[in-house]
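*Asks:* Fold the following and give me the result.
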Amino acid sequence: MIKPTVILVLVFTIVGYIFCQRHYVTKPTFQKTSGYHTFILSASWGFALYMVATLLFGISAWVLELSGFPQGIIAPTLKHTVELIFPGLIFPSYSIHCILISAIALILSVFGPNMILSITAKQKNVTPEDLKNAVYFSLSGTDDTPEFTGILHNSMLKGLPIAFTLSNRKVYIGYVINLGYHMNDFMVLPLKSGYRCKDELRLELVTNYASAWSDIEASNKDKPEANKSDEVVLDLEKFLINIPVREVVHANLHDFEYKEHFENNEEPRSATRPSQGTD
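*Replies:* Sure, this is the predicted structure:
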């Protein structure tokens, strides 16, 4: 027979795991843990939530007792149900209380993170997304987040796309929509793409995705059999590109408005190439 302490530790771990996966402060670092680190964090947070749930249960029991319900409302019904399903089974009251406290802890782990996020955002007078970005940005200089995290937040703050140069010299310029589950890759909505030439590593843009999207939308409108959803909004998620962090060699903010200024101040290509007669 499974010992009650084992069941209790299992409850701690499950409750804590759910909470850490959903809370905006613990989520960035928790997703990169594994093995016993995940277990210890889950059990620790689960124990803390269980203590909060016990406090809430005690307060509610005290209020119900003052209201004329010394046995509570849910506990008698739950005990009677268990006795009907398992006749002859001795089911003490403290077991019912443990089940109710576990249920409260589970509810806190599921809905508590969003409540904490909303309350904290209102207190600081910011949006929930800004608050999550601020927490993630605070971790950008540590080992808890992947490389290039700082530039991701600069892109969010300045509203500029990022030019990712990959190990094969392919370049994608676009906005990072989200990070992978373990933060080992980026999901990028590309605006333009190209490559860096082999000799000079100049950026050569080849594909203009924005123009392509406009052409697709215009084509959908011209089709008599096109759906209304196709005519109004093009599903840009179809064009997201997954870029592994390990393949990114260089990343920088890219402002298309200043592109011509830099091109005008570049050396002519013929002047930068070595002459054929030199060794």
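*Asks:* where along the stretch 101-250 of the chain do the helices fall?
*Replies:* Remark: helices assigned in the stretch 101-250 of the chain by DSSP state H, counting those that start in this stretch are 128-138, 149-158, 209-222, 228-232.
*Asks:* least reliable of those helices going by mean pLDDT?
*Replies:* The stretch with the lowest mean pLDDT among these is helix 228-232, at a mean of 51.
*Asks:* picking that back up, okay if I get the helices of the stretch 101-250 of the chain as TSV plus distance to Ile14?
*Replies:* From N, CA and C alone the C-beta is placed, and that goes for glycine too. Shown next, in TSV, are the helices of the stretch 101-250 of the chain (distance: least, CB to CB, whole Å):
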stretch	distance to Ile14
helix 128-138	24
helix 149-158	30
helix 209-222	43
helix 228-232	40
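*Asks:* need the ones you listed in TSV with distance to Gly35 and mean neighbour count, can you?
*Replies:* Formatted as TSV, the helices of the stretch 101-250 of the chain follow (distance: least, CB to CB, whole Å; neighbours: other CB atoms under 10 Å):
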stretch	distance to Gly35	mean neighbour count
helix 128-138	24	16
helix 149-158	24	16
helix 209-222	41	13
helix 228-232	45	12
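*Asks:* of those, which approaches Phe262 most closely?
*Replies:* Each of the helices of the stretch 101-250 of the chain has some distance to Phe262 by CB to CB; the shortest is helix 149-158, at 17.6 Å.
*Asks:* Dump the closest one to PDB, restricted to CA.
*Replies:* Provided in PDB are the C-alpha atoms of helix 149-158 (Å, rounded to 0.1, in the frame of the first residue of the first chain):
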ATOM      1  CA  THR A 149      17.800  37.600 -25.400                       C
ATOM      2  CA  GLY A 150      18.800  41.200 -25.000                       C
ATOM      3  CA  ILE A 151      18.300  42.100 -28.600                       C
ATOM      4  CA  LEU A 152      14.900  40.500 -28.600                       C
ATOM      5  CA  HIS A 153      13.800  42.900 -25.900                       C
ATOM      6  CA  ASN A 154      15.400  45.900 -27.700                       C
ATOM      7  CA  SER A 155      13.300  44.800 -30.700                       C
ATOM      8  CA  MET A 156      10.200  44.900 -28.600                       C
ATOM      9  CA  LEU A 157      11.000  48.200 -27.000                       C
ATOM     10  CA  LYS A 158      11.900  50.000 -30.300                       C
END
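*Asks:* Give the other helices and strands that that helix contacts.
*Replies:* helix 128-138, strand 162-166, strand 170-179, strand 248-253 (3 or more CB pairs under 8 Å, 6 or more residues apart in numbering; DSSP states H and E).
*Asks:* Please convert the ones you listed to CSV, extending it with distance to Ile104.
*Replies:* Listed next are the helices and strands packed on helix 149-158 as CSV, based on distance: least, CB to CB, whole Å:
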stretch, distance to Ile104
helix 128-138, 24
strand 162-166, 44
strand 170-179, 32
strand 248-253, 45
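*Asks:* who wins for proximity to Lys238 among the helices of the stretch 101-250 of the chain?
*Replies:* It's helix 209-222; of the helices of the stretch 101-250 of the chain, that one is closest to Lys238 (CB to CB) at 9.8 Å.
*Asks:* how long is stretch 164-175 end to end?
*Replies:* Start-to-end span of stretch 164-175 (CA to CA, to the nearest Å) is 10 Å.
*Asks:* residue ranges with poor pLDDT in the stretch 151-279 of the chain?
*Replies:* Applying pLDDT under 70 to the stretch 151-279 of the chain flags the ranges 179-183, 222-233, 261, 263, 265-266, 268-279.
*Asks:* Looking at the helices and strands packed on helix 149-158, spot the one closest to Arg202.
*Replies:* strand 170-179 (10.5 Å).
*Asks:* related to what we said a few turns ago, how about the helices and strands packed on helix 149-158, which one is nearest Ser109?
*Replies:* helix 128-138 (18.2 Å).
*Asks:* nearest spatial neighbour of Glu217, skipping sequence neighbours?
*Replies:* Leu234 (5.2 Å; CB to CB, 6 or more residues apart in numbering).
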